[in-house]
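**Q** Mind folding the following:
(2 chains)
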Amino acid sequence: MTRAALLLLVFSTCTVQREVALTFGPEGEGLDGFMCRPPGGPFLVERARQPDGGVRPAALVFDFVRLGGVPGCRTGQLIKWCATHECKPLRSTRACVPITLPALPPVMTREDLRQPLLSAMKQISNSGVLDDAPDEFVIVRVVGSLQSCDALTPAADAPELPAFDKNELIGCAYSCPVLLDRVEQDVYLGFETLTGLCEQGVRTCSDGQLQWQP
Amino acid sequence: MLAVLVALTFAAEGPSVTVVSAGAPELAVKAAQTTELPVVLVTAVVPPPGPTSLPMPTERISKARSAWVSADFATCLKLLEDDGAVTTALEQEQRTTAARMLTWRVACKLSARQADGARRDAEWLASLQLPLPDDVGVMTPDVETLLTSVRRAVDAQPRAQLSVTSPVSAASVAIDGRPGACTVPCRMALAAGIHVVQVSGDGYSPMARTVSLPAAGLEVNVALTSADPMLASTQWHRRHATGESFDGGKSMQLLSVALRSARLLMVEPSEDPSLVRGALAIDGVVQARGERDDVQALVRDLLVRGKVFEPSVPLWKRWPFWLAIGAAVVASGVTTGVLLANRPVSTRVVLNP
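**A** Here you go, the predicted model:
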C-alpha cells in the first residue's frame, strides 16, 4: 500500500500539468456555426425564444472526437475522412455546460447576432471542460442544444452517448485535428460557412459519426 | 574417476602447509587451528638429529694391540690392513683414531719385518700431520724412531699445492679430518702424499675424496648431492644449537627438507613475551617473516604475504563491482532520460471564448 502510494507520488510528480483553452476568437469569429438558419427559416438560436419573450435554457456540449488518424482541417476533408474512418466522440470525455442565451430581437442579421452570442459565451468563461485530454489526435466539437445537460450526459451504464435532437440544435463549432497534450496555443473552434444558410452543416457537425446530413 | 575425485577433494581443501615450532609446540597447535583459510594446516614436530658419526674401530685397535703383544703379527696386520678404515676415521674427524690405526700398523709391520710397508704407513701418518698417539709409549723404540725420522723427512720436503673447488658455493673444506680448513674455492700447501679431502655444506651430503697429492700439485673438484631429510635434520639441529635464528634462510631450508614440507610455517615465541615470530618458506625459500601479538593473525599474514592464497578482495576493489555500478548508472541515466523525454502529460481543457 505504501509502495503503491509512493509510486503514485513519483508518477504524479513526473506528470506534466498543462492547460489548453478553447476559444471562438477574440471577435467571436468562430461563432459562425451558431448563426445558421435553414433556407427561409429563422436562425437556429431563435429556437430558444419563448412566446412570452423569455429564453429557454441551453447547453453547450463538448465532445472530443476520435478520428483514427490525422485528416486535414477543412470541412470537406473531415467529412471525406469520416466517411471512411470511424469518427466517434469519446464517451468518457463529453462535458456539458449550461448557458443562458441572450434575449434576441425578432429581426436581426448575422452580425447583430455575433456580439450577443460572444457575450453569452463569455459568461461561462473558464468553465472546466475536461481534466485530462485524450492522448491522441482529436477534434474538439461544441454543439449548442436546447436539450438539458442531463439529457445529453450519458448515464453511468449507457454504452453510447445520447444523440442530439436535431430540432433542438442551436449551433455547432469544431477545431482542427489537434493533439491537446502538445498544442502550444489556444485551440480555435470555428465553422466554415460563408452564409447563414448553414443549418445542414450544423446537423452534420453534430452528428454522432460526423456523417454528411442531407 | 577416483583420481579425479581425489584431485577435486584436494582442490577444494587448498594446499597443505606444515606448521612447526621447535620451542613451543603448543604454539604450532594454536597456529594450526586458524580458521577460514583456504589451506590445510598440519602440525609437525622437529625431527630428532640423525647419528652424528659412525662407530669407530677402537675395538679393532685394541685387538690389534693384543695381537702385537702376543707376537701374533699376522692377526695384527689383518685387523688393521684396511686403508678405508683410516680414511673413514678422517672423514669423521677422528684424527686420533686414524693416528692410532696407522701407528699400530707401523708397529705390526716392523715386528713382522715389513720395513717398506712400515715406512709407507709412517710417511702417510706424517703427510697427514697426525699427532703421535700415546700408544707409542708402549711400542718398541724402533717404532718411535721410525715415526720420528719419517716425520722429519716429510716435513723437510717442499709442500705441494692442493686446489679444491665445488659447484656448491661457500662449501666448507676439511683436510685430513681437520674441519674448516678453507672455503671453496681454495688452495692450500700440504705434504705430498695421500690426503682425505671432504667438502660439506648445509643442505648437502658431505663428500669425501681420498687423493694422492703429487709434488706438482693437484686440483680437485668435489660435487655434492642434496642432503636427505635425516641429514638435513642433523644439520638443522647443529645450527639451532649454535643459537642461530630459526627463521634464517638456511635453517628454514633445512627444516623444510627434514620435514619433507613444500610449505613450511614456523612459529616461535619472540623475545618480547607478548609477541610471536613466524616465517614461511615455500620450497625451502623463505617468503615471509613476521611478528604479531596473535599467532593466528600471524599465520594469515604470512600466508597472504607468502602468496599461498590471495586475501579476500573487498567488493569495491573488484572490477565487476564497478562494471555493475557503471552499468547501473548508465541504465538509470537512460531510464531517467527516457522518462523525462516521455513524461506523461495531463492537459486540462477549459473554455475561454
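
**Q** could you check the distance from the residue nearest the centre of chain A over to chain B?
**A** By C-alpha atoms, centre = their mean, the mean C-alpha position of chain A lies nearest to A:Val142, the distance being 0.5 Å. Distance, A:Val142 to chain B, using C-beta to the nearest C-beta, to the nearest Å: 8 Å. The C-beta positions use only the backbone N, C-alpha and C, and glycine is treated the same way.

**Q** That residue against A:Gly30, yeah?
**A** No - here A:Val142 lies out of contact with A:Gly30, judged by C-beta atoms under 8 Å, at a distance of 9.4 Å.

**Q** Next, show the common contact partners of these two.
**A** A:173, A:189 (C-beta atoms under 8 Å, 6 or more residues apart in numbering or on different chains).

**Q** quick revisit: on the C-terminal side of the helix or strand harbouring the residue nearest to the centre of chain A, identify the next helix or strand.
**A** Using DSSP states H and E, A:Val142 falls within strand A:138-145. Next in sequence after strand A:138-145, counting helices and strands by DSSP H and E, comes helix A:149-152.

**Q** and for that following helix, what are the contacting residues?
**A** Contacts of helix A:149-152 (C-beta under 8 Å, 6+ apart): A:59, A:61, A:94, A:96-98, A:145, A:162, A:164.

**Q** any idea which of these has the most stuff around it?
**A** A:Ser145 (26 neighbours; other C-beta atoms under 10 Å in any protein chain shown).

**Q** which ones are touching that residue?
**A** Here A:Ser145 is in contact with A:58-59, A:61, A:152, A:164-165, A:168-170, A:206 (criterion: C-beta under 8 Å, 6+ apart).

**Q** now swap in B:Lys78 and tell me
**A** With C-beta under 8 Å, 6+ apart, B:Lys78 has no contacts at all.

**Q** got it, and the one 3 residues further on?
**A** With contacts defined as C-beta under 8 Å, 6+ apart, the neighbours of B:Glu81 are B:Arg105.

**Q** so what's B:Ala223 closest to, chain neighbours aside?
**A** B:Pro167 (5.7 Å; C-beta to C-beta, 6 or more residues apart in numbering or on different chains).

**Q** Touching, that neighbour and B:Thr225? I think so.
**A** No - the pair B:Pro167 / B:Thr225 is not scored as a contact, 10.8 Å apart, by C-beta under 8 Å.

**Q** returning to that earlier point: for chain B, state which of the contacts of helix A:149-152 is nearest.
**A** Ranked by distance to chain B (C-beta to the nearest C-beta), those are led by A:Val97 at 6.8 Å.

**Q** which residues sit against the helix or strand hosting the closest one?
**A** If you go by DSSP H and E, A:Val97 is part of strand A:95-99. Where contact means C-beta under 8 Å, 6+ apart, the residues beyond strand A:95-99 that reach it are A:57-62, A:120-121, A:123-124, A:127-130, A:144, A:148-149, A:152-153, B:351.

**Q** tell me the angle it makes with strand A:138-145.
**A** For strand A:95-99 against strand A:138-145, the angle by axes from the mean of the first three to the mean of the last three C-alpha atoms, to 10 degrees is 40 degrees.

**Q** next SSE after strand A:95-99?
**A** Next helix or strand after strand A:95-99 toward the C-terminus (DSSP H and E): helix A:110-123.

**Q** List the buried residues of whichever helix or strand comes after that next one.
**A** Per DSSP H and E, the first helix or strand lying C-terminal to helix A:110-123 is strand A:128-130. Across strand A:128-130, burial judged by 16 or more other C-beta atoms under 10 Å in any protein chain shown covers A:129-130.

**Q** State the mean pLDDT of strand A:128-130.
**A** Averaging pLDDT along strand A:128-130 gives 90.

**Q** okay, now A:Asp157: neighbour count?
**A** So A:Asp157, with other C-beta under 10 Å, has 5 neighbours.

**Q** Please disregard the earlier target; I meant B:Leu130.
**A** 25.

**Q** With B:Asp83 instead?
**A** 15.

**Q** cool, and A:Gly40?
**A** Residues near A:Gly40, counting by other C-beta under 10 Å, number 6.

**Q** if I look at the residue nearest to B:Ala223, how far off is chain A?
**A** 79 Å.

**Q** how close does that residue sit to B:Gln198?
**A** 16 Å (C-beta to C-beta, to the nearest Å).

**Q** Just want to know which of these two has more residues nearby.
**A** B:Gln198 (26 against 10).

**Q** hey, where'd the strands end up in chain A?
**A** A:16-23, A:58-66, A:88-89, A:95-99, A:128-130, A:138-145, A:169-174, A:187-188 (DSSP state E).

**Q** Kindly report the residues of chain A close to chain B.
**A** Neighbours of chain B within chain A, by C-beta under 8 Å from any C-beta of the partner chain: A:11, A:14-24, A:28, A:60, A:62, A:97, A:118, A:121-122, A:124-133, A:135, A:140, A:180-182, A:186-187.

**Q** wait, what's in contact with the residue of the stretch 151-300 of chain B found nearest chain A?
**A** When scored by C-beta to the nearest C-beta, the stretch 151-300 of chain B has B:Arg300 as its residue closest to chain A, at 44.4 Å. Under the criterion of C-beta under 8 Å, 6+ apart, the neighbours of B:Arg300 are B:34, B:37.

**Q** out of everything not next to it in sequence, what's closest to B:Ser16?
**A** Using C-beta to C-beta, 6+ apart, the closest residue to B:Ser16 is B:Val40 (4.6 Å).

**Q** now the chain, which segments are flagged as low pLDDT?
**A** Defaulting to chain A. Along chain A, the parts satisfying pLDDT under 70 run over A:1-13, A:107.

**Q** Switch to chain B, please.
**A** Short version for chain B, where the test is pLDDT under 70: B:1-13, B:52-56.

**Q** possible to save the contacts of A:Ser145 as TSV with distance to B:Pro269?
**A** Below are the contacts of A:Ser145 laid out as TSV (distance: C-beta to C-beta, whole Å):
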residue	distance to B:Pro269
A:Ala58	108
A:Ala59	104
A:Val61	101
A:Leu152	102
A:Phe164	107
A:Asp165	111
A:Glu168	112
A:Leu169	111
A:Ile170	111
A:Ser206	106
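
**Q** Please indicate which of these are buried?
**A** Using 16+ other C-beta under 10 Å as the threshold, A:58-59, A:61, A:152, A:164, A:168-170, A:206 are the buried ones among those.

**Q** Hmm, B:Ala191 and B:Gln129 touching each other?
**A** Yes - using C-beta under 8 Å, B:Gln129 makes contact with B:Ala191 at a distance of 7.2 Å.

**Q** which SS state does the residue lying closest to B:Leu80 once chain neighbours are set aside fall under?
**A** Nearest non-adjacent residue to B:Leu80, counting by C-beta to C-beta, 6+ apart: B:Arg105, 4.6 Å away. Secondary structure, DSSP: H, G, I helix; E, B strand; the rest coil: B:Arg105 is helix.

**Q** Now do the same contact list for B:Arg105.
**A** Taking C-beta under 8 Å, 6+ apart, one finds B:77, B:80-81, B:118, B:121 in contact with B:Arg105.

**Q** Same question for B:Val17.
**A** B:Val17 sits next to B:39-42, B:263-265, B:280, B:303, B:308 when contact means C-beta under 8 Å, 6+ apart.

**Q** Go ahead and list the helix or strand containing it.
**A** strand B:16-20.

**Q** so after that strand, what's the next helix or strand?
**A** helix B:25-32.

**Q** tell me the angle that following helix makes with strand B:16-20.
**A** 150 degrees.

**Q** that older thread, any chance of the contacts of B:Val17 in CSV, plus neighbour count and secondary structure?
**A** Putting the contacts of B:Val17 into CSV (neighbours: other C-beta atoms under 10 Å in any protein chain shown; DSSP: H, G, I helix; E, B strand; the rest coil) gives the following:
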residue, neighbour count, secondary structure
B:Val39, 17, coil
B:Val40, 14, strand
B:Leu41, 22, strand
B:Val42, 16, strand
B:Arg263, 22, strand
B:Leu264, 25, strand
B:Leu265, 31, strand
B:Leu280, 29, strand
B:Leu303, 25, helix
B:Val308, 20, coil
